[in-house]
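Visitor: For reference, the sequence and a predicted model appear below.
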Amino acid sequence: MKQLETAYWAEIDAFRQARAGQDAADAWHYLERAHILSQQILRLHLHAHAVMLIFAISRREWREARGQVLLLMLAPVGALLGRIPLGNTGRTSVSAFVPMPIPEELRHVLDQEQCK
């Protein structure tokens with residue numbers, strides 16, 4: 001878990017730097033990566049969606065904000081049912097139920113975590 005959590009917080013830090021630099025595209029990119037890493041740990045998964053919600057509101061992206069509220073409610077249900085679509089970026093522009101390819105460097109972190 002330690003390596004996974006360290007990788008998650010590194011993506012959150014990269015998001016914060018991109019946000020501070022007013023680079024919304026990069027900020028969303030790092031949030032999506034953080035979301036992929038967070039999916040197996042409910043508290044991190046909820047945190048990722050909460051940060052996405054706050055960022056969407058700050059940018060007045062109302063469709064994204066509404067979707068993040070829904071995803072915050074669905075995440076615990078998905079965890080309980082074991083129905084988390086791995087690799088999903090967590091954005092409302094993609095279905096919350098569709099697995100997606102995991103970037104290789106993130107796959108490496110996730111694979112190491114599963115071997116433990």
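Guide: Received the coordinates, thanks. Keep in mind the model is a prediction, meaning the values are calculated, not measured.
Visitor: Return the distance of the spatially most central residue of the chain relative to Ser58.
Guide: In the chain, the residue lying closest to the centroid (Cα atoms, centre = their mean) is His35, at 1.4 Å. Going from His35 to Ser58 by Cβ to Cβ, to the nearest Å gives 17 Å. In this view, the C-beta of every residue, glycine as well, is placed from N, C-alpha and C.
Visitor: Cross-check the contact I'm expecting between the residue nearest to the centre of the chain and Ala50.
Guide: No - the criterion here is Cβ atoms under 8 Å, and His35 misses it with Ala50 at 11.1 Å.
Visitor: Hmm, Ile57 and Ala65 touching each other?
Guide: Yes - under the criterion of Cβ under 8 Å, Ala65 makes contact with Ile57 at 5.0 Å.
Visitor: With neighbour numbers in mind, choose between the two.
Guide: Ala65 (18 against 14; other Cβ atoms under 10 Å).
Visitor: Enumerate every residue touching the more buried one.
Guide: 53, 56-57 (Cβ atoms under 8 Å, 6 or more residues apart in numbering).
Visitor: And what about the closest residue to it other than its chain neighbours, helix, strand or coil?
Guide: Taking Cβ to Cβ, 6 or more residues apart in numbering, and ignoring the residues beside it in sequence, Ala65 has Ala56 as its nearest neighbour in space, at 4.1 Å. Under DSSP: H, G, I helix; E, B strand; the rest coil, the three-state class of Ala56 is helix.
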